[in-house]
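Peer 1: quick one: sequence plus predicted model below, questions after.
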Amino acid sequence: MPEKSQNSRYGQGRVYRRTVKLPDGTEREIPTYHYKFYVNGIPYRGSTHTDNWNKAQAYTKKCMAEAQTGTGPEKAPPAKLLMSELLDDLDTYYRLYRPKSYEHFAKPIVAHLKEFFGLLPARKITRKTLNDYITERLEPDDPGDAVAQSTVNRELSLLRRALNLARTNEKIHVFPSFKDLLFDESKFVRKKFFEPDEYARKKAALNDDERPVLIFAYNVGWRKQEVLTLKWDENVDFDSRTVRLWAGETKNDEGRVISMGGPGDELYDMLVNQKLRRDTLCPECPWVFFRTNKGNRGKSTRQLGKPIVQIRHNWEKEQGLGLGAKLFHDLRRTATRNLIRAGVSEGVAMQ
């Protein structure tokens, strides 16, 4: 909530009235005075519990004296501001304002950051603390727990965002610089593709539920979540032979449409067959890519009609395929390359 700036200052303290923004866009001033001051770089703020100017000044001076001498209740809140609170604020921010990045990006990283930083006071985060964290992630006691430099970059970026958010909310005043802490990722950018023979082997290795996902991603190059969340009524139009993502369904919130081709084209034939499977097995299922009751080892499951949310288990079963460490995202890179080879301009292919 914004602060009223017209109220007076004295010494290092400030007494002011806050304003709140109403749903209709207008602002209303709160009658009760609030205080704000810094002691040793630590911000202190709160309500004076009165709408009398003189009493508010006297209360603020009393709080300042207690903070400077380390006595009274005003000393406790800043010292107990833990990183767990700041990370909770970041978690809430992503959940409310960036939901597309929350579940698979922010949520797991925030949970991991809490394990290391959660019990530390926010004002004790230093460059040494950050370097200790980087060392622990890259050189843990168990070498099997080591992560890539790109993973450390993602984690540090979210930690920096948490601290920036806290400064915006005036929970902290300063925090250490992250300059030169992030690794240069240009030297380990992936440049892997699925060659036709590799694609054929991977397609033969997947089960009947997951093979259509591979075919779609190889031919279209959309992101995994964009593929797995497709619905028949909303995204697939057999009359115009197109598959469409609407504005708000993509990472950049821009709509996208592709042609599925016609009979004899792999993408078209797969979608027709997938629609027939859906109509036969689970006609009420809205998802283009869905599970059946047949598990990975022929066991019966209760997944009929549920969307495919992850294909990692079968994807990683590559023993004997000779594919190396291929990722699902390599299909996106492959589809772009194939379009360019087919004569599509690079700008259009990238779009």
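Peer 2: Thanks, I have the structure now. Residues are numbered from 1 along each chain as shown.
Peer 1: pLDDT below threshold where in the protein?
Peer 2: Residue ranges of the chain with pLDDT under 70: 1-12, 40-42, 70-80, 185-191, 294-301, 312-325, 344, 348-351.
Peer 1: find the residue at the geometric middle of it.
Peer 2: Residue closest to the average C-alpha location in the chain (C-alpha atoms, centre = their mean): Ser101, at 2.9 Å.
Peer 1: what about that residue, distance to Tyr93?
Peer 2: 11 Å (C-beta to C-beta, to the nearest Å). The way it works is simple: take the backbone N, C-alpha and C, and place the C-beta from them, glycine included.
Peer 1: what does Ala56 give?
Peer 2: Distance of Ala56 to Tyr93, given as C-beta to C-beta: 32 Å.
Peer 1: can you pull out the residues in contact with stretch 85-94?
Peer 2: 101-102, 105-107, 110, 113-114, 117-118, 122, 158, 161-163, 165-166, 169, 171-172 (C-beta atoms under 8 Å, 6 or more residues apart in numbering).
Peer 1: before we move on, back to that, Ala56 and Tyr93 - which one has more neighbours?
Peer 2: Higher neighbour count among Ala56 and Tyr93: Ala56, with 22 against 15, using other C-beta atoms under 10 Å.
Peer 1: that one touches Tyr35, doesn't it?
Peer 2: Yes. Using C-beta atoms under 8 Å, Ala56 is in contact with Tyr35, at 7.2 Å.
Peer 1: what do the two both touch?
Peer 2: By C-beta under 8 Å, 6+ apart, the residues touching both Ala56 and Tyr35 are 15, 48.
Peer 1: what residues sit buried inside stretch 86-101?
Peer 2: 86-87, 90-91, 94 (16 or more other C-beta atoms under 10 Å).
Peer 1: re the thing from before, select only the buried ones of the contacts of stretch 85-94 in PyMOL?
Peer 2: Restricted to buried positions by 16+ other C-beta under 10 Å, the PyMOL selection for the contacts of stretch 85-94 reads:
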select buried, resi 102+106+110+113+114+117+118+122+158+162+163+165+166+171+172
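Peer 1: in helices, which of the contacts of stretch 85-94 fall?
Peer 2: 101, 107, 110, 113-114, 117, 158, 161-163, 165-166 (DSSP state H).
Peer 1: what segments of the stretch 1-150 of the chain are helices?
Peer 2: With helices called from DSSP state H, counting those that start in this stretch, the stretch 1-150 of the chain shows them at 53-69, 76-79, 83-97, 99-101, 107-117, 127-138, 149-168.
Peer 1: what's the closest of these to Glu195?
Peer 2: Closest to Glu195 of the helices of the stretch 1-150 of the chain is helix 149-168 (C-beta to C-beta; 24.5 Å).
Peer 1: tell me what the closest one is packed against?
Peer 2: Helices and strands touching helix 149-168, by 3 or more C-beta pairs under 8 Å, 6 or more residues apart in numbering; DSSP states H and E, are helix 83-97, helix 107-117, helix 127-138.
Peer 1: CA atoms of the helix or strand that that helix is followed by as PDB?
Peer 2: Following helix 149-168 in sequence order, the next helix or strand is helix 196-205 (DSSP states H and E). Output of helix 196-205 as PDB, limited to C-alpha atoms (Å, rounded to 0.1, in the frame of the first residue of the first chain):
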ATOM      1  CA  PRO A 196      15.100 -39.600 -38.700                       C
ATOM      2  CA  ASP A 197      16.500 -43.000 -37.600                       C
ATOM      3  CA  GLU A 198      16.700 -41.900 -34.000                       C
ATOM      4  CA  TYR A 199      13.100 -40.700 -34.100                       C
ATOM      5  CA  ALA A 200      12.000 -44.000 -35.600                       C
ATOM      6  CA  ARG A 201      13.700 -46.000 -32.800                       C
ATOM      7  CA  LYS A 202      12.200 -43.700 -30.100                       C
ATOM      8  CA  LYS A 203       8.700 -44.000 -31.600                       C
ATOM      9  CA  ALA A 204       8.900 -47.800 -31.600                       C
ATOM     10  CA  ALA A 205      10.100 -47.800 -28.000                       C
END
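Peer 1: circling back: chain neighbours aside, what residue packs nearest to the residue nearest to the centre of the chain?
Peer 2: Spatial nearest neighbour of Ser101, chain neighbours left out: Tyr94 (6.1 Å); criterion: C-beta to C-beta, 6 or more residues apart in numbering.
Peer 1: same check, this time on Val152
Peer 2: Nearest to Val152 is Arg137, by C-beta to C-beta, 6+ apart, at 5.2 Å.
Peer 1: can I assume the one you found is in contact with Gln149?
Peer 2: No. Between Arg137 and Gln149 there is no contact under C-beta under 8 Å: 9.1 Å.
Peer 1: between these two, who's got more neighbours?
Peer 2: Set Arg137 next to Gln149 and count neighbours by other C-beta under 10 Å: Arg137 wins out with 19 against 15.
Peer 1: which strands border the single longest strand found in the chain, and is each parallel or antiparallel?
Peer 2: As assigned by DSSP state E, the longest strand anywhere in the chain is strand 27-39. Strand pairing for strand 27-39, using DSSP bridges, gives strand 13-21 (antiparallel), strand 42-47 (antiparallel).
Peer 1: show me which residues of that strand are buried.
Peer 2: Residues 33-39 are the ones in strand 27-39 that count as buried (16+ other C-beta under 10 Å).
Peer 1: circling back to that earlier point, from His104, how far out is the residue nearest to Ser101?
Peer 2: For Tyr94 relative to His104 (C-beta to C-beta), the value is 11 Å.
Peer 1: cool, and Thr50?
Peer 2: Taking C-beta to C-beta as the measure, Thr50 falls 49 Å from His104.
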